[in-house]
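**Student:** Task: produce atomic coordinates for the following.
(one chain, ligands or ions: 3)
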Amino acid sequence: MSKSTDAINKKLVMEATKQSFIKLNPIIMIKNPVMFVVEVGTIIVLLILCMPSYFHTEGAFGYNLAVLLILLFTILFANFAESLAEGRGKAQSESLKKTKQETLAKLMLKDGDIKSVSSSSLRKGDIVLVETSDIIPGDGEIIDGLASIDESAITGESAPVIKEAGGDFSSVTGGTRVISDWIKVKIQADPGESFLDKMIALVEGAKRQKTPNEIALNILLITLTIIFLIVVVTLYPIAQYVGVTLSISTLVALLVCLIPTTIGGLLSAIGIAGMDRVTRFNVLAMSGKAVEAAGDINTIILDKTGTITFGNRMASNFIPVENTSMEDLAQAAVLSSIQDDTPEGKSVIQLMKKLNITPQSIPIENASFIEFKAETRMSGLNLATGEKIRKGSIDAIKNWVLTQGGQIPKDLDDKSNQIASKGGTPLAVAKGNQILGLIYLKDTVKPGMKERFAELRKMGIKTIMCTGDNPITAKTIAEEAGVDDFIAESMPEDKICVIKDEQKQGKLVAMTGDGTNDAPALAQADVGLAMNSGTIAAKEAANMVDLDSDPTKIIEVVSIGKQLLMTRGALTTFSIANDIAKYFAIIPAMFTIAIPKMEILNIMKLTSPTSAILSALIFNAIIIPLLIPLAMKGVKYIPMKASKLLSRNLMIYGVGGILVPFIGIKVIDMIISLIL
Ligand SMILES: Nc1ncnc2c1ncn2[C@@H]1O[C@H](COP(=O)(O)OP(=O)(O)OP(=O)(O)O)[C@@H](O)[C@H]1O
Ligand SMILES: [K+]
Ligand SMILES: [Mg+2]
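**Tutor:** Ligands and ions are numbered 1, 2, ... in the order given. Predicted coordinates for the structure are as follows:
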C-alpha cells in the first residue's frame, strides 16, 4: 500500500470514529431498531451505575461499569461500520467533484453569433460549440460534427472515443474533453441534473433508500428483538419464583447478547459497500434496489448491434441484383443516404467515395426525406419528380416493392442470405417498384463474448439476443457470441413483450441496450443497463449505466448483486447461530447457584457467572469490528446453482456461527480469569 492511500485510510478511519460518536444521537439511532434497543439498555445500566443506592446495587459497581462500557462499545462499533462505508463513498465523490469544474461554454445564439457563458448557466435545449481542447460544458447530444473525445475523467479509460451526430453514438457527457475537431452539442440537462451530479449524489449515499430486501430483513430483525425482549422481561418473575433475583444489568446483557446485533450493526454497511463495489466497476447504479435485483436475475435480454457487436455497421460493398448495373445501384444507395444521419447511412457515402463514384447531379432541393425508423426499417427520399428511393431491411423493402406492384428479383434471397450467413446486415435498395441490389453492412462481434456468456450459463442465467435484424444474421451472430436464444426482426415493443413474458413467469429480467429504441425495454426490465456510448434516452430509461459500454459488465453487476444478497444472508445466519453459544454461556451462569440441576447446561465450564456474562457480552461486541472487512468486501461469489450455494453458505456461516462463539467466549473467559 502506498503512503498516500495510507494517509487516505487514516483520514477515513478518523472521520468514521468521529461519526461513530455523532451517530449516538438517539434520533439517528432509532433508524436502526436493533442497535436502538442496545442504546436504551446502555442508558438503563448508566442510571443504575449513577444511582446505586436507589437500585440497591452498591456492591456491583465494577460489574455494572464493565457491562456499561462493553455495551457502549457495541454501539460504537456498529456506528463505525456504517460511517466507514459512508466515508469511502464520500472520498469517491470528492474526486468526481473535481471533474465537475466550472467551464466556459461557447453558446450559439439564434443569429449565428457565439457568446461565451459559464457552463452553469446552460439550460436544456441550448446549443454550444465545442472545439479542440475545450471541455464539454454539459450533458447533451451531438447535432453536428464529429470529434474524438477524451472521456477519462468519467470512465478512467484513456483511449479517446469518436462521437458524431446521428445514431447511437451521439451522446456526450459534461466534464469530458474534445481532443480533436469540433462538435455542436444540444444540452440535455438543466444544472444540477447532469450525469455527474447524479453520480456524486449517488456515491455520497445522500439519497440512499432502504431496498425491499433490506426492509424485509429489518422486519425480521425487529421481530426477533421483540421476541427476545419478551423472553428476557418474563424471565425476571420466573427467576424470582425459583428464588433467584436477577440484576437488571445482567438482564440487559442477556438481551443484548440474544438480539441480532451482529447483523443489525453491519446491515447498512453491507448495502453501502455493495453500491460502492458496483461504482468501482465503472457502473453507475441509480438505486440499491437495482443492484439487489441483479443478484436474483434469471434472464438477460441483449440487443445485438452496439451491444454484442461493436455496432459500427459499415457499408463494405454494393451488390447489384439481376440486370442492374453497379453504377445504378450505387447512385440509388447514395441518394437514399444523403440525409440519413445514422452511422449506416454515413458509411454508404464513405463507401461511395472509396469506390470513386461521382454522385449524379439530381436536384434534391424539393425532395422529401424519409428518416430511418426502427419500426419501418427503411430510410430514403421522395424526389420532386415523383420518384421514390428507399433502402432498408430485406423484408421491409420487399413489402414496399410488392405493394407498388413490383417483382422480387430471383437472385435477391441468395445474395442477401450470403451476407447474413457471414453475420453481416444486408440492406436492399429500391427505386420505385424495382429492387436494384444490396448494401453489405459489416459488423464484428466484440471479443470474449462466448466465454462470458458461458459464465452466465454457469450462474443459471439465460441469455436472449433481441435484434431488429433478419433471422439469418441474427442466427449467425447468436452462434458466434454463444447466447442461449435469439429473437430476430423484433420491434421495440417486441423487446418489451419478451421481458413482460419472462416477468409473468415470475422471473427477474435484465436488459442491456444502447439505442433510443431500447429505452422502453430498458425501463420495463428489473435491471436496465445502458451503454454509456448509447443515446441519452437509453441512459435515462435504464437504472444502471456502464461507463465502459461493455454489455457483459452485467456479469459483474450480477455477481455483485449476488454477493450483496449472500453477504447479508451469511451474516444474518451467523448472527442468529451465535445465540446458541451465548445462551449456554449465560443461562447456567444465571441459575446454577440457585438451581444446581442447571449444571448439566454448563457445558462451557466458564470460570464464574460474572466472567461468563462479561465474556459473552465482549464476544458479542468485538465480533462486529471483526466482521467489518467481510461486510465491506462481501462474501466471495463462485458461479454455481443457487441451491448449492445456499447449502454451502449454511454450512460455513451456520455451523461456523455456532462453533466460533464457543471458542471465542471460552478464550475471553480464560483471559478475564487471568486478569481478575
Ligand atoms: N440507416 C438505415 N436505413 C435503412 N435501414 C436500416 C438502417 N439502419 C438499419 N436498418 C435496417 O433496420 C433494421 C433494424 O435496425 P435497428 O438498428 O433498429 O435494429 P435494432 O432493433 O437496434 O437491433 P440491434 O439489436 O441489432 O441493435 C436493421 O437490421 C437494418 O436491416
Ligand atoms: K447479539
Ligand atoms: Mg440497436
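
**Student:** Could you list the contact residues of the protein toward ligand 1?
**Tutor:** Applying CB under 6 Å from any ligand atom, we find that the chain lies next to ligand 1 at 303-306, 340, 342, 344-345, 372, 374, 377-379, 391-393, 425, 427, 467-469, 515, 517. Every residue, glycine included, has its C-beta placed from N, CA and C.

**Student:** Can you name the residues of the stretch 501-650 of the chain sitting close to ligand 3?
**Tutor:** Proximity of the stretch 501-650 of the chain to ligand 3, by CB under 5 Å from the ion, involves residues G515.

**Student:** Tell me which residues touch the closest residue to ligand 2 within the stretch 501-650 of the chain, please.
**Tutor:** Of all residues in the stretch 501-650 of the chain, the one sitting closest to ligand 2 is N620 (4.9 Å; CB to the ion). By CB atoms under 8 Å, 6 or more residues apart in numbering, the residues touching N620 are 74, 256-257, 261-262, 578, 582.

**Student:** What subset of the residues of the chain next to ligand 1 is buried?
**Tutor:** 303-306, 340, 342, 344-345, 372, 377-379, 391-393, 425, 427, 467-469, 515, 517 (16 or more other CB atoms under 10 Å).

**Student:** how about the strands in the stretch 351-500 of the chain?
**Tutor:** 368-370, 378-382, 388-393, 425-431, 434-442, 462-466, 485-487 (DSSP state E, counting those that start in this stretch).

**Student:** So which of these is the most surrounded?
**Tutor:** Ranked by average neighbour count under the criterion mean count of other CB atoms under 10 Å, the strands of the stretch 351-500 of the chain are headed by strand 425-431 at a mean of 27.

**Student:** Could I get the average pLDDT for it?
**Tutor:** For strand 425-431, mean pLDDT is 96.

**Student:** That one relative to strand 378-382, how many degrees between them?
**Tutor:** Counting by axes from the mean of the first three to the mean of the last three CA atoms, to 10 degrees, strand 425-431 lies at 20 degrees to strand 378-382.

**Student:** May I have the residues that are in contact with the residue in the chain that ligand 3 sits nearest to?
**Tutor:** Residue nearest to ligand 3 within the chain: G515 (3.6 Å; CB to the ion). Counting by CB under 8 Å, 6+ apart, G515 touches 168, 303, 305-306, 374, 534-535, 538.

**Student:** Which among the contacts of N620 count as buried?
**Tutor:** 74, 256-257, 261-262, 578, 582.

**Student:** Reformat those as TSV; add pLDDT.
**Tutor:** Below are the buried ones among the contacts of N620 laid out as TSV (pLDDT from 0 to 100):
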residue	pLDDT
T74	96
V256	95
C257	94
T261	94
T262	94
N578	90
K582	87
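
**Student:** ok, the residues you listed vs ligand 1, which is closest?
**Tutor:** Nearest to ligand 1 out of these is T262 (CB to the nearest ligand atom; 46.9 Å).

**Student:** show me the contacts for the closest one.
**Tutor:** 571, 574-575, 578, 620, 623-624, 627.

**Student:** does it count as helix, strand or coil?
**Tutor:** helix (DSSP: H, G, I helix; E, B strand; the rest coil).

**Student:** change the start of the numbering to 437 and stick with it
**Tutor:** Fine by me, first position is 437 from now on; the one you just mentioned is T698.

**Student:** Most proximal residue of the stretch 987-1112 of the chain with respect to ligand 1?
**Tutor:** Closest to ligand 1 within the stretch 987-1112 of the chain is P987: 10.9 Å, counting by CB to the nearest ligand atom.

**Student:** Provide a list of residues in contact with that residue.
**Tutor:** Contacts of P987 (CB under 8 Å, 6+ apart): 738, 743-744, 882, 948, 965, 967.

**Student:** Repeat the analysis, applying 10 Å as the threshold.
**Tutor:** 736, 738-739, 742-745, 882, 885, 888, 917, 948-950, 965, 967 (CB atoms under 10 Å, 6 or more residues apart in numbering).

**Student:** got the residues of the protein near ligand 3?
**Tutor:** Counting by CB under 5 Å from the ion, the residues of the chain that sit close to ligand 3 are 739, 741, 951.

**Student:** So the residue sitting furthest away from the middle of the chain versus V667, what's the distance?
**Tutor:** Computed with CA atoms, centre = their mean, the residue of the chain farthest from its C-alpha average is G679, at 58.3 Å. G679 sits 20 Å away from V667, going by CB to CB, to the nearest Å.

**Student:** cool, and D1015?
**Tutor:** Counting by CB to CB, the gap from D1015 to V667 is 11 Å.

**Student:** on that earlier part again, turn the buried ones among the contacts of N1056 into CSV, including distance to ligand 2 and secondary structure.
**Tutor:** Listed next are the buried ones among the contacts of N1056 as CSV, based on distance: CB to the ion, whole Å; DSSP: H, G, I helix; E, B strand; the rest coil:
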residue, distance to ligand 2, secondary structure
T510, 8, helix
V692, 6, helix
C693, 5, helix
T697, 4, helix
T698, 6, helix
N1014, 6, helix
K1018, 7, helix
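
**Student:** Helix, strand, or coil at D547?
**Tutor:** coil.

**Student:** what residue ranges in the protein score low on pLDDT?
**Tutor:** 437-441, 443-444, 494, 528, 531-532, 535-536, 592-594, 638-645, 1078 (pLDDT under 70).
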